[in-house]
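Asks: this one's structure only:
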Ligand code: GLY
Ligand code: MN
Ligand code: MN
């Protein structure tokens, strides 16, 4: 399946970079200490173009003649004894669909010989290569969507098991163990990113990784975790009460976040700017916090003044694919992904297209570092009810995150 996906990807890349020579080496092992390496993860662009999940390979692509040259590691008996065998030249040629096959030690020589024949060469760092790859990877094929749905199926199951298991007295890492056990059992060999399991105040730390606190009755637990299948990520967040019982205060905030997520998801469809999806979520959160008495004023004015960033300091989501924060094509008329609004950052700032995959993940957090900042207190003294906000400083945060395929008419939410 991966080789088939990669063949199509190479064809598309060759169309975009038709007048040059394209080449790349994949990742290699990274040494942790003495004889131990870090867990191997292939470079995502290399994986996209070759379907090879193992270390030590390289390729050269010649668009003009439609040739695919593959370079494989030359392994010795020591390697076979300690690490195991890999497909040999003939097997690799067949498995990976190469036109010509060499050992890796031929890579530099072949590259040198061939580059002389071309005016243009595209290395994996060249802007043309990166731009073409980000355009291509943004839109997923049917086969890619299948792998993404499998990753999501596994993560969804893991979340359900972890939620059932969580109870007061356990440590965050014990819930993490249940989650990751399911992911491994179901066939995911890697996580898409380090699992976030945060209880109480930790749930307001956006990328909390310590996972070392004890779950207490009355607190919330936020789990943000996703499995990876053949390189394809899933990314799910759920927040729930540790004891299974919502307090009114928790449920009120949860309802606002859920409403923001529902409204955002219903606005997703091909052609819609992701920035506008974000705006819907921010406005819904501002309206919700106003009706709970934490803010006062018109939501559009609060948004204009950046009040949303106090409680919702991240974007509505990001592209998802071979990377959890996947590559996105830069908008044609912009130099960066930044929204021109102080302190805000949208990872994906362009119109959505059919078969792009994005996360939709609004949240409300009570983050002391933001909410106890004297300059913010002063700046927003007229519109934030600080005396009420003070009662939430131990609340933590709530985020709900799902993965969504953009369709012509709307979207397909395929998580949980
Ligand atoms: N898990 C990282 C994120 O939600 O963006
Ligand atoms: Mn995410
Ligand atoms: Mn996430």
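Replies: Good, I have the coordinates. From a predicted model like this one, the values you see are computed outputs, not experimental measurements. Numbers count the residues shown, from 1 in each chain. Ligands and ions are numbered 1, 2, ... in the order given.

Asks: all contacts plus neighbour counts: C-alpha atoms, from now on.
Replies: Noted.

Asks: quick check: the residue nearest the centre of the chain vs ligand 3, distance?
Replies: Nearest to the mean C-alpha position of the chain, counting by Cα atoms, centre = their mean, stands residue 324 at 1.8 Å. Relative to ligand 3, residue 324 is positioned 8 Å away (Cα to the ion, to the nearest Å).

Asks: so what pairs up with the nearest residue in space to that residue that is not next to it in sequence in the strands?
Replies: Closest residue in space to residue 324, ignoring its immediate chain neighbours: residue 233 at 5.5 Å, by Cα to Cα, 6 or more residues apart in numbering. Under the criterion DSSP bridges, residue 233 forms beta bridges with residue 228.

Asks: enumerate every residue touching residue 233.
Replies: 148, 151-152, 191-192, 226-227, 320-324 (Cα atoms under 8 Å, 6 or more residues apart in numbering).

Asks: ChimeraX command for the buried members of the residues you listed?
Replies: Burial among the contacts of residue 233 is assessed by 16 or more other Cα atoms under 10 Å; the matching ChimeraX selection reads:
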select :148,151,152,191,192,226,227,320,321,322,323,324
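
Asks: in strands only, show me the contacts of residue 233.
Replies: 191, 227 (DSSP state E).

Asks: just give me the closest of the contacts of residue 233 to residue 240.
Replies: residue 226 (17.2 Å; Cα to Cα).

Asks: wait, what's in contact with that closest one?
Replies: The contact partners of residue 226, taken as Cα under 8 Å, 6+ apart, are 151-152, 155, 191-193, 195, 233-236.

Asks: kindly report the same for residue 361.
Replies: By Cα under 8 Å, 6+ apart, the residues touching residue 361 are 237, 261, 316-317, 399-402.

Asks: the same query, at a cut-off of 7 Å, please.
Replies: 261, 316-317, 399-402 (Cα atoms under 7 Å, 6 or more residues apart in numbering).

Asks: related to what we said a few turns ago, can you narrow the contacts of residue 226 to ones near ligand 3?
Replies: Of the residues in these, proximity to ligand 3 by Cα under 5 Å from the ion holds for residue 235.

Asks: before we move on, back to that, out of the contacts of residue 361, list just those in helices.
Replies: residue 261 (DSSP state H).

Asks: are any of the contacts of residue 361 buried, and if so which?
Replies: Listed as buried from these are 261, 316-317, 399-402; burial here means 16+ other Cα under 10 Å.

Asks: picking that back up, using a markdown table, lay out the contacts of residue 361 together with distance to residue 364.
Replies: Below are those laid out as a markdown table (distance: Cα to Cα, whole Å):
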| residue | distance to residue 364 |
| --- | --- |
| 261 | 11 |
| 316 | 12 |
| 317 | 14 |
| 399 | 7 |
| 400 | 10 |
| 401 | 12 |
| 402 | 16 |
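
Asks: before we move on, back to that, give the contact list for the residue nearest to the centre of the chain.
Replies: The contact partners of residue 324, by Cα under 7 Å, 6+ apart, come to 192, 233, 235.

Asks: dump these into TSV; add pLDDT as well.
Replies: Listed next are the contacts of residue 324 as TSV, based on pLDDT from 0 to 100:
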residue	pLDDT
192	98
233	98
235	98
